[in-house]
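Colleague: my questions are about this predicted structure, shown below with the sequence.
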Amino acid sequence: MRDVAIIGYGQTKFGELWESSFRDIIVEAGVKAIVDANIDGEDLDAMYVGNMSGGLFVGQEHISSLIADYAGLNPIPCTRVEAACASGSLALRSAYLSVASGHHDVVLAGGVEKMTDVADATAAIATAADQEWESFFGATFPSLYAMMARRYMHEYGLTIEQLSTWSVIAHDNGSKNPYAQFRFKTTLEQVMNASPVAEPLTLMHCSPVSDGAAALIVCDADKAQEFAPKDDIIYIRASTQASDTISLHSRESMTTLNAARGASKKAYKLAGISPDSVDVAEVHDCFAINGLILLEDLGFCKKGEAGKVVGDEEKIRIDYDEFVTVNPSGGLKAAGHALGATGIRQVGELYWQLKGDKNCKDRQANIKNGYGISANVGGTGGTVCVHILSNERK
Amino acid sequence: MKLGIVGYGSYIPKYRIKVEEIARVWGKDPQSIKKGLIVNEKSVPAPDEDTATIAVEAGRYALKRANINPKDIGALYVGSESHPYAVKPTSSIVAEALGITPDLTAADLEFACKAGTAGIQMCMGLVGSGMVKYGMAIGADTAQGAPGDALEYTAAAGGACYIIGNIKRELIAEINDTYSFTTDTPDFWRREGKPYPKHGGRFTGEPAFFRHVINAAKNLMEKMGTEAKDYDYCVFHQPNGKFYIKAAKSLGFNEEQYKYGLLTPYLGNTYSGAVPLGLSNVLDNGKEGDRILAVSYGSGSGSDAFDITVTSRIEEVVNKAPKTMDLLNKKKYIDYSIYLKYRGGIKI
Amino acid sequence: MVVRTWRHINERYCLIGTRCKTCGRVYFPSRNVCPYCRRKGKLEEYKLNGKGKVYTYSVIHAPPKDFEKIAPYVIAIVELEEGPKITAQLDCDIDEVYIGMPVEAVFRRIKEDGEDGIIDYGYKFKSLEN
């Protein structure tokens, strides 16, 4: 297997992009990434694009052809990858595998979701859950995470204040991210007193409905040197994925994601590091509770302690030096959650953070060891994909 | 050959609306309505309940009391005037949910408020002839009264299920005989595709309800050689409390005999469920040897009368499922706006 | 979705799942492969008794279209006596529910495919405490 590098990144703003269509935003992100990598479109050997539900959100399947066509990149092969909200990082993993195997040299890994063309996105979002045995009976997607939160509170005594602090910190970070959907700050009271969505979760514990696209240029590590100056090359040190039951109710425990534990354990082993070495993490906080659970499942704190780490001590803040910086982008909560684009955006943020890009100058994490990790979750944890990036090749 | 009831079960939704609340909306005097109809409140189905769900719940309780293999039921009839579908049987839904399928005959019945008792008679015929081992008859309704109509104070929801068999040791009550009185008397009707029934006002009284109930009761008693005093209990159809009591008294029954069968004052009129539910409350209170006269009434019009004797097995089964009064006493009051929302009166 | 409704009648009306004869685990909804025994597993139909306890729950205030009329409503994961956990609505007041509440399955309308479409029936759970 060859070493794989990232040499460029581009994204659209996330949010309600009324003027832009599905094809507009993925082309915008792709062109930005290609320009950022300082390559030509024809240098690409292939494209992999994560998208959860073009069919339900814009009535369009066969988006692979659409994207290659409107990017002006025919006949370069383009492949759509889908695993609900983990689609983006699975597209990256597909790109990574195709380069690592030696089959391709330069590949675009993108992600896109256009969610605001439908008046109500909830039915489409709910298809990430088990349609026949969860959604059919009236479970909404937020309610599944709410049930995880309720169970977590029951087992570990998590308070609503601790849970809500996650959202406060997310909005603080998001306010410093020009690409974020929400750039306003919020308070504990505002989070707790927002409209209830699915108790105990309020609207301010939930990520928004977003349009957005993001793209990374992935390249063989040797060849990367031809395109990019050394400081612009960040290495993918691990790309792992694990599966779990599609239904939340089928799990032994609802306060941990087995797939996140499995995928991250393997990723740390492949990268040859422990969680202590990680400087910055982008974790999948589609709902605040998932952010807390992932801190534990990625090994940053012990089971049941995330409430204390996040809520009482606020150790995840960018300026807290003894703990990993979590979601400097604002995460899904504030930066936005354009489903299929999220996994790419998470890794894009790590790419910027690790190379000290000007795009994150207002929210730069302290990079000591040079490692970043992302965890992208599909559904309620049926698919989890983890990437570890480093500014060192080995 | 002895025929009778081997199991029974009832179901009443938990929501109630008071006469005062309905009267408030329409600017009527609740006291005169309560006094005139002898009705105080009525049951309202939850938005997730309908005739099929009520029938299934009643059927499950009946099976608990009967303690038989559901697969031995060879016939199932659901009588109602509020079947969830105009075309597509309620009975097949119920049969599937009770685990009776596929070896049975099933059909939905409609004869205004007496379709439930008509089902009992059909089961008696099938069991008596040896065509089936057990028959199940259910009377259930989620009755609709047009907003503002007098029926709105009474049109209620509920149902009861009876399993008919002929194995003597299994019977909790023997059905000694049955008799029906039927004519074409258009006192109450609902045309195809219309949401609410219409009625002939005072025409529903003497020539309709009273003529049929009283003739059915008298003719059965004549057939059996009995008088009112020979019965421990009686049950009549009960579109309201007033008609019921008047019919009972004119046949010579006293309050001790008729009070257990009368649920309408705190339940409303459950249409096809009315006599089946009244009878279930009598059985809940019955003991060996008690004799019951039960007379249904369906507009249009007909009455089915039954002469029933309770056996000693009643004591073994009565507590195996919720009693009718327990269901009636478990209640949650709603106001008129929630009632409208639940009953589909608000178009979204 | 008529056919999908029909296909699951046994499970949704009667709580019939499967049990692996090899390891004894009970599955609901039914599975064709036992995840623990795989090819050594042997699955047979198994009827659940419908009794269980609330494992976790939420009160839904932002309902999907099909459930607007009943909102706010309680959704729960119920741990059944035989072992499996299932997602279902609870027929109870929103302030009545707690983790550990004993419940029993009831038969209810779940949703309908518009005013002229098929009606879907299935299980909900009611509290056994009152």
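Modeller: Happy to help now that I have it.
Colleague: and chain A, which residues reach chain C?
Modeller: Contact residues (Cβ under 8 Å from any Cβ of the partner chain) of chain A with chain C: A:120, A:122-123, A:126, A:132-140, A:142-143, A:146-148, A:150-151, A:154, A:195-201, A:247-250, A:254. Every residue, glycine included, has its C-beta placed from N, CA and C.
Colleague: filter those down to the buried ones, PyMOL style.
Modeller: Typed into PyMOL, the line below selects the buried ones among the residues of chain A next to chain C, using 16 or more other Cβ atoms under 10 Å in any protein chain shown:
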select buried, chain A and resi 122+126+132+133+134+135+136+137+138+139+140+142+143+146+147+148+150+151+154+196+197+198+199+200+201+247+248+249+250+254
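Colleague: where do the strands of the chain begin and end?
Modeller: If you meant another chain, say so; for now it's chain A. Applying DSSP state E to chain A gives strands spanning A:4-11, A:46-50, A:78-81, A:106-113, A:196-198, A:201-202, A:212-220, A:234-243, A:280-283, A:325-326, A:371-378, A:383-390.
Colleague: right idea, wrong chain: chain C
Modeller: C:16-20, C:26-27, C:43-47, C:51-60, C:73-80, C:85-91, C:102-112, C:119-127.
Colleague: which secondary structure elements does the longest helix seen in chain B sit against?
Modeller: The longest helix of chain B (DSSP state H) is helix B:51-66. Using 3 or more Cβ pairs under 8 Å, 6 or more residues apart in numbering or on different chains; DSSP states H and E, the elements in contact with helix B:51-66 are strand B:4-11, strand B:73-79, helix B:90-97, strand B:134-142, strand B:157-165, strand C:102-112, strand C:119-127.
Colleague: buried ones in it?
Modeller: Buried residues in helix B:51-66 (16+ other Cβ under 10 Å): B:51-63, B:65-66.
Colleague: from those, which single one is nearest chain C?
Modeller: Chain C lies nearest to B:V56 out of those, by Cβ to the nearest Cβ, at 4.1 Å.
Colleague: list the contacts for that closest one?
Modeller: By Cβ atoms under 8 Å, 6 or more residues apart in numbering or on different chains, B:V56 lies in contact with B:93-94, B:97-98, C:107.
Colleague: number of residues surrounding residue 230?
Modeller: Answering for chain A, as no chain was given. A:K230: 9 surrounding residues under other Cβ atoms under 10 Å in any protein chain shown.
Colleague: I was thinking of chain B, sorry if that wasn't clear
Modeller: Using other Cβ under 10 Å, B:D230 has 12 neighbouring residues.
Colleague: now it. Nearest residue, chain neighbours left out?
Modeller: In space, and not counting its chain neighbours, B:D230 is closest to B:R291: 6.3 Å by Cβ to Cβ, 6 or more residues apart in numbering or on different chains.
Colleague: how far away is that neighbour from B:E174?
Modeller: Distance of B:R291 to B:E174, given as Cβ to Cβ, to the nearest Å: 10 Å.
Colleague: which residues do these two both contact?
Modeller: Residues touching both B:R291 and B:E174 (Cβ under 8 Å, 6+ apart): B:308-309.
Colleague: quick check: A:N193 touching A:L203?
Modeller: No - applying Cβ atoms under 8 Å, one finds A:N193 not in contact with A:L203, separated by 10.1 Å.
Colleague: show me what counts as buried in the lowest-mean-pLDDT helix or strand in chain C.
Modeller: The weakest-scoring helix or strand in chain C, judged by mean pLDDT, DSSP states H and E, is helix C:2-7 (a mean of 89). With burial defined by 16+ other Cβ under 10 Å, the residues of helix C:2-7 counted as buried are C:T5.
Colleague: contact partners of the helix or strand bottoming out on mean pLDDT in chain A?
Modeller: For chain A, using mean pLDDT, DSSP H and E, the weakest element among its helices and strands is helix A:122-126, scoring a mean of 92. Where contact means Cβ under 8 Å, 6+ apart, the residues beyond helix A:122-126 that reach it are A:53, A:56-57, A:115, A:118, A:135, A:140-141, A:209, A:339, C:62, C:64-65.
Colleague: now with 7 Å, please.
Modeller: A:53, A:56-57, A:118, A:135, A:140-141, C:64 (Cβ atoms under 7 Å, 6 or more residues apart in numbering or on different chains).
Colleague: quick one: contacts for C:E79?
Modeller: C:52-53, C:55, C:85.
Colleague: OK, contacts around A:S390?
Modeller: By Cβ under 7 Å, 6+ apart, A:S390 lies in contact with A:235, A:237, A:370-371.
Colleague: mind putting those residues into JSON lines with neighbour count?
Modeller: Formatted as JSON lines, the contacts of A:S390 follow (neighbours: other Cβ atoms under 10 Å in any protein chain shown):
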{"residue": "A:Y235", "neighbour count": "20"}
{"residue": "A:R237", "neighbour count": "24"}
{"residue": "A:G370", "neighbour count": "19"}
{"residue": "A:Y371", "neighbour count": "26"}
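Colleague: burial count for A:D69?
Modeller: By other Cβ under 10 Å, 13 other residues sit near A:D69.
Colleague: now do B:G4
Modeller: By other Cβ under 10 Å, 25 other residues sit near B:G4.
Colleague: out of everything not next to it in sequence, what's closest to residue 101?
Modeller: Because you didn't say which chain, this covers chain A. A:M1 (7.0 Å).
Colleague: look at chain C instead
Modeller: Take C:M101 and drop its neighbours on the chain: the residue closest to it by Cβ to Cβ, 6+ apart is C:V54, 4.4 Å away.
Colleague: identify the bridge partners of that neighbour.
Modeller: Beta-bridge pairing of C:V54 under DSSP bridges involves C:V78.
Colleague: for chain C, give me its nearest residue in the stretch 1-150 of chain A.
Modeller: Across the stretch 1-150 of chain A, the shortest distance to chain C (Cβ to the nearest Cβ) belongs to A:A146, at 3.7 Å.
Colleague: pretty sure that residue is touching A:A198, no?
Modeller: Yes - the pair A:A146 / A:A198 is scored as a contact, 3.8 Å apart, by Cβ atoms under 7 Å.
Colleague: overlap of the contact sets of the two?
Modeller: C:S58.
Colleague: just to revisit the earlier point, the residue nearest to B:D230 - how many residues pack around it?
Modeller: B:R291 has 19 neighbours, counted by other Cβ under 10 Å.
Colleague: again with B:V132
Modeller: 23.
Colleague: kindly report the same for C:P29.
Modeller: Neighbours of C:P29 (other Cβ under 10 Å): 19.
Colleague: correct me if wrong: A:G340 contacts A:K114.
Modeller: No - counting by Cβ under 7 Å, A:K114 is not a contact partner of A:G340; they are 9.4 Å apart.
Colleague: from the stretch 201-348 of chain B, which residue is nearest to chain C?
Modeller: Here the stretch 201-348 of chain B gets closest to chain C at one residue, B:K341, 6.5 Å apart by Cβ to the nearest Cβ.
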